[in-house]
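1. Compute the structure for the input listed below.
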Amino acid sequence: MEVQETKNFLKPKKQEPQATAAQHVKILDCNQPISRVIFECWHCKQGLLSEVAVSLPQGLELQCPTCGKTALKLMGEKILSTTVIPSPWQKEAGEQGSRGAGEMKNWKST
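-> Below is the predicted model:
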């Protein structure tokens, strides 16, 4: 008498795509020795404007003045200044649509 073994192959469950975290960053004057970087803190989403000397690039960590954590990692020589600004990517309460695209067009490099 022959015994047959049956194997049940289970189909793998389809996993829902997981949202990945992203950070808003806009670099201005990238062809100049001093670049301006507009970005949101990775942790608290506070808007920040930093001026960075980029002559001799090395790894830098920009600290958020609001939460004190590392807001952004980038390549540059030295951080010259960091200023807290309203985030261009965050909606204000009651406002319709996105502010980011229109406001960012008005930034001019000097």
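
2. Against residue 40, how distant is the residue nearest the centre of the chain?
-> By CA atoms, centre = their mean, the mean C-alpha position of the chain lies nearest to residue 23, the distance being 1.7 Å. Between residue 23 and residue 40 the distance is 6 Å, computed by CB to CB, to the nearest Å. For glycine as for every other residue, the C-beta is placed from the backbone atoms N, C-alpha and C.

3. Helices of the protein, start to end?
-> Remark: helices assigned in the chain by DSSP state H are 100-105.

4. show me where pLDDT drops low in it?
-> Confidence mapping of the chain against pLDDT under 70 gives the ranges 1-3, 5-8, 92-110.

5. Skip the chain neighbours and tell me the closest residue to the residue nearest to the centre of the chain.
-> Ranked by CB to CB, 6 or more residues apart in numbering and with sequence neighbours excluded, the top spatial neighbour of residue 23 is residue 42, at 5.5 Å.
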